[in-house]
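# Test case, fold it:
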Amino acid sequence: MLELNSTLAIKSEMEEKALYKELLKLIVPKEITDNFELVEIVEKEHMITLSFEEFVNRVPEALQGKIVVLDGYINQLELQTFPLKDKTVYIALRRRRWKEKGVTTASYSNDYELHIEGMKTTKEFGAFLKEEFGLQPDEYNKLWKSITD
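Numbering: from 1, shown residues only. Below is the predicted model:
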């Protein structure tokens, strides 16, 4: 009987993780959920921040087939996306930096097309702002507030 309960608990945990991933896909663009894992959720009075880190197995193409080591992170990217619960939602992304083992001169990172050029929003939210309000990147950026503001 104990083995059956253990099996049910594992199945239930797997189903819960699958539901969690499906819910996250409704909130965050697919390119983010495919390449980053959610590491923190911070909810404050007027905003929610979803913090992600790039998956550790996303070694840049230039280093494929080589022995690589992590070399920290590049600057965090902050994007605004659609609001939830009447709060501004930010997605904070930390992309990894890589280098070839034993080589100190060059480091590499992955590039993702996560936002409209010049606009600190997800592509979908930026397109919505442009279509509904006619906001161009420079107009939106005047309204932009950083997570740390």
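
# CA atoms only: put the host helix or strand of residue 70 into PDB for me.
Using DSSP states H and E, residue 70 falls within strand 68-73. In PDB, the C-alpha atoms belonging to strand 68-73 read as follows (Å, rounded to 0.1, in the frame of the first residue of the first chain):
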ATOM      1  CA  VAL A  68      33.100  24.900 -21.800                       C
ATOM      2  CA  VAL A  69      32.700  26.600 -18.400                       C
ATOM      3  CA  LEU A  70      30.200  29.100 -17.100                       C
ATOM      4  CA  ASP A  71      31.600  32.700 -17.000                       C
ATOM      5  CA  GLY A  72      28.900  34.400 -15.000                       C
ATOM      6  CA  TYR A  73      26.000  36.400 -16.500                       C
END
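
# could you say what helices and strands the helix or strand that comes right after it packs with?
Using DSSP H and E, the helix or strand that directly follows strand 68-73 along the chain is strand 77-84. Applying 3 or more Cβ pairs under 8 Å, 6 or more residues apart in numbering; DSSP states H and E, we find strand 77-84 packed against helix 2-27, strand 87-94, helix 123-133. All C-beta atoms are positioned from the backbone trio N, CA, C, and that covers glycine.

# cutoff 6 Å now
Helices and strands touching strand 77-84, by 3 or more Cβ pairs under 6 Å, 6 or more residues apart in numbering; DSSP states H and E, are strand 87-94.
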